[in-house]
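Novice: sequence-free structure coming up:
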């Protein structure tokens, strides 16, 4: 990372991490400028909802880098230095020859001043994130004197950029991955996943191994004396699971419980083809699982992508496989956003 005071601390940050980052600024009695992509069209480095928090000494988050981010950050710093009015601003940026870029698209962004009085609406946003059905932050860029509002009820269809408002979703749509086992391969998963739009939870009954997992904002660990109890309690919020414990017997029990859970989109087991074959045979003969249930088990994992047995290569290949699988239903669920949204 650069030693520059304006270094962009963009890794490990999720779509809603701006809330706590902005609240930290308020608690410190400081100022910052929160920048959201409100609208985009054509080819752009980031989509609607992307964010960056510009502080006097650093910028957190990213709008995709490049010249457009440099120009946006400079504008935010002008606000912080009183070279521009300390008020909400909505601006358009064309990613064309004027910026020395050839993307051909455009981005419209909202500059939201953050200072101690903003803590009121930021606290409401933080509370909303803790609910099972979080809502939206509504920022009326055509009414700069009006503080952002936090809504949990459905919003009118005509409330969009065309009507002078930016709607920032508080719904975290990143898929989830639970890994049972915190050995060297799981730790490689954690290190790589920290850069990806996925939430990872690593479960183990060995505290000393969990202590070695590299943590990030999207990577957490859970100590469970009985990991099987954790697996049996999983719901649809945990969309993918990997089993890679120190014990084949525990691996088997975990896989059996997971295969009986119809809500999981991906169930992977680390190991050889012979290990997978033995498990599948026992699932049918000893436990009465159907062919369809057994067929949900992915083992070996990450096949046909990258060759190698190094932990990092296994993690890279498997995360490719998992992200591809999990993004399919997400792509079907998300309607295409119009340019006016």
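Specialist: Right, received. Where do you want to start? Bear in mind the structure is a predicted one, so any value in this text is a computation, not a measurement. Residues are numbered from 1 along each chain as shown.
Novice: what about the helices in the stretch 101-250 of the chain?
Specialist: Counting by DSSP state H, counting those that start in this stretch, the stretch 101-250 of the chain has these helices, from start to end: 119-129, 184-193, 207-210, 227-232, 248-259.
Novice: Dump these to TSV, plus mean neighbour count.
Specialist: Any C-beta I mention is one placed from the backbone N, CA and C, and that applies to glycine too. As requested, these are exported to TSV (neighbours: other Cβ atoms under 10 Å):
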stretch	mean neighbour count
helix 119-129	17
helix 184-193	22
helix 207-210	14
helix 227-232	18
helix 248-259	19
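Novice: could you redo those as JSON lines and give each row distance to residue 111 and mean pLDDT?
Specialist: Converted to JSON lines, these look like this (distance: least, Cβ to Cβ, whole Å; pLDDT from 0 to 100):
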{"stretch": "helix 119-129", "distance to residue 111": "16", "mean pLDDT": "93"}
{"stretch": "helix 184-193", "distance to residue 111": "32", "mean pLDDT": "96"}
{"stretch": "helix 207-210", "distance to residue 111": "41", "mean pLDDT": "97"}
{"stretch": "helix 227-232", "distance to residue 111": "44", "mean pLDDT": "96"}
{"stretch": "helix 248-259", "distance to residue 111": "46", "mean pLDDT": "97"}
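Novice: could these go into a markdown table alongside distance to residue 167?
Specialist: Below are the helices of the stretch 101-250 of the chain laid out as a markdown table (distance: least, Cβ to Cβ, whole Å):
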| stretch | distance to residue 167 |
| --- | --- |
| helix 119-129 | 13 |
| helix 184-193 | 29 |
| helix 207-210 | 39 |
| helix 227-232 | 36 |
| helix 248-259 | 37 |
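Novice: Identify whichever of these lies nearest to residue 200.
Specialist: helix 184-193 (4.7 Å; Cβ to Cβ).
Novice: can you give me the offset of the closest one from its chain's centre?
Specialist: Centroid separation between helix 184-193 and its chain, computed with Cα atoms, centre = their mean, to the nearest Å, is 16 Å.
Novice: what's the answer for stretch 147-165, then?
Specialist: The answer for stretch 147-165 is 23 Å, by Cα atoms, centre = their mean.
Novice: buried ones in that stretch?
Specialist: For stretch 147-165, the neighbour count (16 or more other Cβ atoms under 10 Å) marks 148, 150, 159-161, 165 as buried.
Novice: what's in contact with it?
Specialist: For stretch 147-165, the surrounding residues in contact (Cβ atoms under 8 Å, 6 or more residues apart in numbering) are 38-39, 108, 112, 118, 120-121, 124-125, 128, 131, 133-143, 167, 170, 340-341.
Novice: Endpoint to endpoint, stretch 226-244 covers what distance?
Specialist: Stretch 226-244 has an end-to-end distance of 15 Å (criterion: Cα to Cα, to the nearest Å).
Novice: Okay, domains of this protein per the record?
Specialist: Residue ranges for the domains of the chain, per automatic domain parsing: 8-169, 176-329.
Novice: confidence score at the residue at the greatest distance from the centre of the chain?
Specialist: Relative to the centre of the chain, and counting by Cα atoms, centre = their mean, the farthest-placed residue is residue 285 at 40.2 Å. What the model reports as pLDDT for residue 285 is 95.
Novice: on that earlier part again, where among the domains of the chain is the average confidence lowest?
Specialist: domain 8-169 (a mean of 87).
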